[in-house]
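**Q** Based on what follows, work out the 3D shape:
(chains A, B and C)
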Amino acid sequence: MRERVNSMDPRSTGLSEADGYANERLLELVFERLVRLDDTGKPAPGLATSWEHDASQTHWQFQIRPGVKFHDGTSLTPALVAAAMKEDMSGTWQVSASDRGIAIELPYPQPGLLVDLATRDLFIFHRAQDTVFGTGPFRIAEWQAQKRLVLVASEDYWAGRPFIDRLEISLGVAPQQQLVDLELGRAEVVEVLPNLTRRASQSAVRVEASAPVELYSLMVTPRGAKSYDSQFSKALSLAIDRAAIVNVLLQRQGEPAGSLLPQWLSGYAFLFPTAPNLEQAKKIRTLFSSSPLLALDYDGSDPMAATLAQRIAVDARQAGIVMSVSAAPATDGPNHADVHLVGRHFTAPDADQALQAFLVDVVTEQAAGDHAGEARTQGAMIALDTPERRYAAERDAIDGGRIIPIVFVPEIYALGPSVRDWMPPRWGGWRLEDVWLDAAPHAAATGGG
Amino acid sequence: MRLRTRPRRAAGRGIHDEGFNETFAKPGRNSQRHSNGALGPAIETYLWKGTFVLSFRFKLALVFTATLVMAVTLVTWGVTSNTRAKFELLDQSRSNALIDQFRKEFAQRGDEVVNRVSGIAETNETTKMAIDLSRPQGDASKYVYDADGLAPQQKLDFLDLVGDDGSLISSFEYKARFGYKTDWVTAPGVDWNNEGAFLQRIELPDGVALSLTAVHVVTVGDKKLYVIGGVQLGKGFLTTLVLPTGMRALFYKNLQPVFDPGSLADVNGPLPLADRLSSLIEQVRKTGAAAEETIQWNADPASAENFHADPLFGREKQLLGVLLVGSSRKELVSLLDFIRTLGVLVGGAGILLGGLIGLWVSARVSRPIARLATGARQVAAGDWGVRVDVRSRDEVGRLARDFNEMTRQLAEQRDRLVQAERVAAWREIARRLAHELKNPLFPLQLTLENLQRARTQTPEQFDEIFEESTATLRAELNNLKTIVARFSDFSKMPAPQLQSVNLNEAVRSSVRLYDAQFNLAGRPPISPELYLDESLPLIQADPDLLHRALGNLVLNSLDAMPSGGTLTIRTAKNNGTVAVEISDTGAGLTPEECERLFTPYYTTKRHGTGLGLAIVQSVVSDHHGKISVESAPGAGATFRIELPVRPPEAEAIHEITHESSGENGESGYTGVEAKKEETKPVAAPRRELASVTKSTLGLGN
Amino acid sequence: MNRWTLFALRSRTPRVALATLLLFTFPFIISKSSFADDASAKAVKELVRKLGAQVDHKKKLQIKMNDVTGSMQVPDLEALRKSIVAELHSIGFRVVADSSYDLSIQVSLSKNMRGLLLLAVYSSDEKESAVIVPFEPTDLDPGQWLTGVHLDRELVFADNSPILDFACVGTGTSCQILVLHSGKVSLMAAELNYPSASIPHEKVWPRDMRGRLTVSGSDFEVNVEGTSCLGNVSHVEAMKCNPPGDHPWIFYGPRNESTSGSISGDQNWFEWTPTAGANSIQPQRSFVYSIAGLEVNGEAAWAASGADGKVRVFPEKGSEPMGSVSGWGSDIATVKTDCGAGWQILATQPVDRTEVDAITAYELASGEFRAVSDPMEMDGPIVAMWSGEGGGPARAVVRNLKTGDYEAYFIKVGCSR
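**A** Got it, this is the predicted structure:
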């Protein structure tokens, strides 16, 4: 794993962090939530077997799955669930346990609660002697922060013992190295960056890509008049040849992005044009007599970002917009760049939730340091429950010129020849409990490590 | 004895007195020193009419030294310039050698690059790529990252893979540029595979770089794949150069429109103070030709460095780089320093030695002349007996002998003159005496004869005659007595009793004395006009003597104006002295009258003894003052007395006067002698009076 | 994303093979007729209603159609347009074909992971407005197909203990149900204590055991891992089993061609080698979860779901796959029909045992698999599915997630009217 995850404690995760997404992936192996999402992204029973809510959608009841045990043997009870929820939640929710299940009281109606429960860091855990236990398919055998995570199968996992006995996850491995490890049989599943997919597909490994689940976009910090911004952003947006970026830099892994949500999630993304129009861009560009040198920065820890940013700068220059590209300062100090290249995962395979998270980001982009939790609650205020509202919201956001979508990128994994049943949900992630290793095809693969 | 000692002293003093008006300041003392001190003249300078005059000896020494120093300077200069020229030559050749080395290195690197690029072009990947791309639907996009793998294989810093249509397929250094055209490479008529390496400006995401680039074309069917590879040129490249000590190589990447200090680097990276080289580089940028300049990095001249700048061009002959070979001038500078110091030392020693030798030689040459000068001064000071002792036979010797001859003759002539004057004086005295005594004697004789005749008369008659005669006799005898008294008066001048005197007061009282005379009945009046400076200091003088002197002068002036006129008296002070001028509007004096004005017994008055002015003269000189007269016939006469506020040698005066007074009752001869001797000071003003243009005796005829 | 290694230290080989999920595959594909159904009709109505609320009725409209799903043929698109235009007329809009329109409306059919969307986009005074109506044709009532195939299921019986396979012995209504449980075979007769025969075994039966019943006349053959038995329905108890060992299972093709795959004791997949063709390369041994015979372009072929998650179709003689697809479930069966390509492949979905499964009919045409039916959702995961003899109805065992019972279905493919 490229990211260096700090903690395996569900309480200490703020998924807004850069490695929050990775962190969530790891946590999902050990901890479970009340609700899962099925393959179409619909809420499905997780640790809760069923649920109901009142008309106002502020009072929710969840039945807790019987016979589930934490890794330390304690069985899952509504009380424990409520306790865990209380620890997870910022005070806005009221969680109470009854004998059959738990009740959640919300300050405002929240139709998206189930998706929230299924996607946010609302893991159900149980603490004993300062150790946190989950109910997930694997339990932690060894944990070295930022280095190494060793998991072993949870024998009495309620959904059936996973086939993998032992799982070793190395953190902070460079993408190239990951592929090498895979080719040498030292790893079975590795992350592949788009630029490596060709090499990966040339070697004997299988390459599986998720639906595009990450949006690379430009966040434009306000400079002077708003009209200036929107016009400038428009010029910039028109100058960028997204198709070229997808086809060449991303090796066809991904889609050009004209919208915040990808087509598979929204269904209306095709209404947002992605084709470049250099002439138009130049025309708009001429509105600004002065040509300031704009600073474009990107996340230095993201190997794709640098190339993307540079390409954007090259394209922009064709329209007379000169940009200096540099990696953003690692520490969250004041960032003076005019434009930031930001890559962010969708928080949920749910248009409503995902878009809200995005819009909140656009809103809070200026107000840096705004905590994700608060951000979400703000986001919750925005009613995006119909496609039309979502469409309108996206239009406004993009026409506002604060955000310029560039490309949607999938999660890509390269699998060793002995990996079987790699079937993650289309919005990315893993389902390692279903995966098993075929010893036969090449024995080498299983011996390594 | 005394007779002999006196005049000498008087003479000595006289000489001193004269000395005051001589050209030379303190001649006496100087003359003494001159004759003794050997070095004296060398450093001797005189103030001649306010300008400095260097002594002959000194000039001589100066010339010596100057010559020596000039010689040393010439030699030093010669050596330095010669050394510098040689050094420049050496430096030039070293730099050229280095530049050649660089060029060789450059060419060698070029070949390397060509090989590496063709190496990449011949790899299987590249060949496969070329074949794949030559297909109608060849998809270039999947090769975008191939350069990343290929470039390191051949250690290339830059690698571009460009398709048949010139669009960039894959770039190692600037991936993001894929798809954009690289037209220069597709330009027709270039056989890239035999073109060799060339300098090129490479665009990077974060700026520009200079590359030694080579191109290799892989052709499949009619489709071409251009492999453009290069190595970065700069710091790393310089490290390969072998530099002799004191030399260094700098490289300027000419990639910016204007001079950019950051683009100038040596093996240790960017050059501090690079701006100092801007002018040189700018020159090369402008002319495109090699240039050179010397840069002094700091105040220390040893920090100077000579730079040869050599331009490097790209394919289109555009200037892309400048190689600078810098050679430190440290050695040269230190060498020159050494030579200079040596020069200075030798020069210094030269000056010292030259000075000494100059002095010694000039001393030898100029000693006789110095002696002559001293002698001349002594003569001028009145010491007629001076002899210059010079043995040499040369011109100086002859000059000395002539000088001695001259002084001898001068002395003889003076003695003769003195004799003549004495005789003249005696004749005068005799004449006056005869004259004075003759007048009373004649009546005496007549009376006596009357008495003899009267014996024959009646007693009454006789008694009457006898009474008359004795009365006459008594009168005449008184006359004689007066005459004698006058002479003795003159002979015994009292020693001046010095005390503070207000000159103005003295003047006033003297004038008051003659008030009656100014408006005498039966005679045209004389109007006295006094202009007295009231700020006069009190002077040390004998009031009676002063009164007498002034009185005499006033009386003299009155006598000079029988037909009336104006008597003007002025007093004034100038430093250390006070002056009084008494002017009449009488007939004035002729020069010869002026000549003898102060000679005793000289008068033009029928009833004057001629002692008046002589007395004045003696009073003045006893007060160490001066008296002079200015006059022209018909323009009246002005007598001017200058008196020191404090007479210097009062006791001397006292001595003189005492002696002279002591001699009084002695024989006329000695008295005359004495008088004569004492006229010396009186005679002194004569020389000055001689300088007066016209003078007449204000006493008329 | 991760580098991670799976140690099989105790080498506990998995007993369940869940097929991989192919991303970008949607759970349903629009078929020609989806706009005849209620859902789509409702969608069109809703779209027009919303337009009516936003657009001035006096405006002359131009309607342009556009299919983003790429799954509609031109005539269908035209049909959709017609229905929309008709609706617009009904609420008093004038729609013109020529260029005399005041407002041009672009109507698109799009889809996302949740279902379909109808979008009407028009720009009035510089501002682009969109009307979007999502709908899910999954609530289609099967049997409304104008053409193509539809799936039908027939519940045979349910049991609360795991069923490995079942068979209908006899003909028509009077057929007796023979059931294969893990460890025993029973005949479900009218009387309560129906006869059964247990299958001998040394080790404990694995949790996810597989077994199959093959019936010819009144005889039946039992294949389970490690042994095979023969019996007759007339006297089930007398069933004879072979001693434990490797007993290959026989699979029959459309014209009684046969191939065999052996399943070893501690795996639940077959080691199978396609028959070598005349001039094809030597076939490789492969690992397959199920094998079914079918005809492709009139030629016999084998469809095999590989353990690598891919379903491949091999010619009856030959090792070069004619086509392959990933993203299906491991359980596949083949059915012969009178419509479409004549043979359809029934595929489950890659779901685990906690999820509802669905069956979709596919056809292989020119190397491409095309779904010819909508997915038929069952009430739970399909734990077993076998082809019927001679292309007859397939047998599927579903674990009902609501009741927890194991339900036996016949899956039939019908040609739509």
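**Q** What ranges does the stretch 1-150 of chain C have for its helices?
**A** C:38-54, C:74-90 (DSSP state H, counting those that start in this stretch).
**Q** which SSE is C:Val325 in?
**A** strand C:323-326 (DSSP states H and E).
**Q** Can you name the next helix or strand after that strand?
**A** Next along the chain from strand C:323-326, counting by DSSP H and E, comes strand C:332-336.
**Q** elements contacting that next one?
**A** Applying 3 or more C-beta pairs under 8 Å, 6 or more residues apart in numbering or on different chains; DSSP states H and E, one finds that strand C:332-336 contacts strand C:286-296, strand C:299-306, strand C:343-347, strand C:382-386, strand C:394-399, strand C:406-415. (Glycine included, C-beta is placed from N, CA and C.)
**Q** My guess is A:Trp427 contacts A:Ala211. True?
**A** Yes - A:Trp427 lies in contact with A:Ala211 (C-beta atoms under 8 Å); the separation is 6.0 Å.
**Q** what residues do the two have in common as contacts?
**A** By C-beta atoms under 8 Å, 6 or more residues apart in numbering or on different chains, A:Trp427 and A:Ala211 have these common neighbours: A:Leu265.
**Q** Quick check on these two: which one has the bigger neighbour count.
**A** The residue with more neighbours, out of A:Trp427 and A:Ala211, is A:Trp427; 27 against 22, by other C-beta atoms under 10 Å in any protein chain shown.
**Q** pLDDT score for the more buried one?
**A** pLDDT for A:Trp427: 82.
**Q** which ones are touching it?
**A** Here A:Trp427 is in contact with A:41, A:210-211, A:213, A:265, A:346, A:348-349 (C-beta under 8 Å, 6+ apart).
**Q** Pipe those into CSV and attach secondary structure, pLDDT and distance to C:Arg81 per row.
**A** CSV is the format used below for the contacts of A:Trp427 (DSSP: H, G, I helix; E, B strand; the rest coil; pLDDT from 0 to 100; distance: C-beta to C-beta, whole Å):
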residue, secondary structure, pLDDT, distance to C:Arg81
A:Gly41, coil, 77, 31
A:Ser210, strand, 84, 35
A:Ala211, strand, 85, 30
A:Val213, strand, 89, 34
A:Leu265, helix, 88, 27
A:Phe346, coil, 83, 34
A:Ala348, coil, 78, 35
A:Pro349, coil, 83, 32
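**Q** can you tell me which two in those residues are farthest apart?
**A** Farthest-apart pair in these is A:Ser210 and A:Ala348; separation 14.0 Å (C-beta to C-beta).
**Q** Point me to the residue of the stretch 151-300 of chain B nearest chain A.
**A** Closest residue of the stretch 151-300 of chain B to chain A, C-beta to the nearest C-beta: B:Ala176 (3.5 Å).
**Q** you'd agree that residue is in a helix?
**A** Yes - under DSSP: H, G, I helix; E, B strand; the rest coil, B:Ala176 sits within a helix.
**Q** Now do the same contact list for it.
**A** A:249, A:307, A:310-314, B:205.
**Q** Recalculate using a threshold of 10 Å.
**A** Residues in contact with B:Ala176 (C-beta atoms under 10 Å, 6 or more residues apart in numbering or on different chains) are A:245, A:248-249, A:306-315, A:325, B:144, B:168, B:205.
**Q** try B:Val616
**A** If you count contacts by C-beta under 10 Å, 6+ apart, then B:Val616 has B:545, B:548-553, B:556, B:598, B:627, B:639, B:641, B:682 around it.
**Q** out of those residues, what pair is the most spread apart?
**A** Once C-beta to C-beta is applied, the contacts of B:Val616 give B:Gly551 and B:Val682 as the farthest pair, at 18.5 Å.
**Q** nearest residue to the residue in the stretch 151-300 of chain C that chain B sits nearest to other than its sequence neighbours?
**A** Nearest to chain B in the stretch 151-300 of chain C, going by C-beta to the nearest C-beta, is C:Ile281, at a distance of 23.8 Å. Closest residue to C:Ile281 apart from its sequence neighbours, by C-beta to C-beta, 6 or more residues apart in numbering or on different chains: C:Ser319 at 6.2 Å.
**Q** do A:Tyr268 as well
**A** Using C-beta to C-beta, 6+ apart, the nearest residue to A:Tyr268 is A:Tyr391, at 5.3 Å.
**Q** separation between that neighbour and A:Ala84?
**A** From A:Tyr391 over to A:Ala84 the distance is 37 Å, taken as C-beta to C-beta, to the nearest Å.
**Q** Check the contacts of B:Ala176 for burial and list the buried ones.
**A** Buried subset of these (neighbour count, 16 or more other C-beta atoms under 10 Å in any protein chain shown): A:245, A:248-249, A:306-315, A:325, B:144, B:168, B:205.
**Q** and the nearest residue to C:Ala408 once chain neighbours are set aside, what pLDDT?
**A** Counting by C-beta to C-beta, 6+ apart, C:Ala408 lies nearest to C:Val156, which is 4.2 Å off, once chain neighbours are set aside. Note on C:Val156: pLDDT of 85.
**Q** what's the helix or strand for B:Ser334?
**A** Using DSSP H and E, B:Ser334 falls in helix B:330-380.
**Q** which helices and strands sit right next to that helix?
**A** helix B:2-20, helix B:27-36, helix B:40-43, helix B:56-121, strand B:304-313, helix B:395-454 (3 or more C-beta pairs under 10 Å, 6 or more residues apart in numbering or on different chains; DSSP states H and E).
**Q** Relative to chain C, which of the ones you listed is closest?
**A** Closest to chain C of the helices and strands packed on helix B:330-380, according to C-beta to the nearest C-beta: helix B:56-121, at 31.1 Å.
**Q** quick one: buried residues of the very next helix or strand once past the closest one?
**A** Per DSSP H and E, the first helix or strand lying C-terminal to helix B:56-121 is helix B:124-134. Of all the residues in helix B:124-134, those buried under the rule 16+ other C-beta under 10 Å are B:126, B:129-130, B:132-134.
**Q** surely A:Arg139 meets A:Leu149?
**A** No - judged on C-beta atoms under 10 Å, A:Arg139 makes no contact with A:Leu149 at a distance of 11.4 Å.
**Q** tell me, what's touching the two both at once?
**A** What both A:Arg139 and A:Leu149 touch, as defined by C-beta under 10 Å, 6+ apart, is the set A:29-30.
**Q** Grab the nearest non-local neighbour of A:Asp243.
**A** For residue A:243 the amino acid is Ala, not Asp. Closest residue in space to A:Ala243, ignoring its immediate chain neighbours: A:Pro256 at 5.4 Å, by C-beta to C-beta, 6+ apart.
**Q** show me what contacts that neighbour?
**A** Here A:Pro256 is in contact with A:212, A:240-247, A:250, A:269, A:272-276, A:405-408 (C-beta under 10 Å, 6+ apart).
**Q** before we move on, back to that, would you mind checking which of the contacts of B:Val616 is nearest to B:Trp384?
**A** Among the contacts of B:Val616, B:Val682 lies closest to B:Trp384 (C-beta to C-beta), at 20.7 Å.
**Q** For residue 180, give me its contacts.
**A** Chain wasn't specified; assuming chain A. Counting by C-beta under 10 Å, 6+ apart, A:Val180 has contacts A:173-174, A:186-187, A:190, C:3.
**Q** my question was about chain B
**A** A:244, A:314-315, A:317-318, B:166-168, B:171, B:174.
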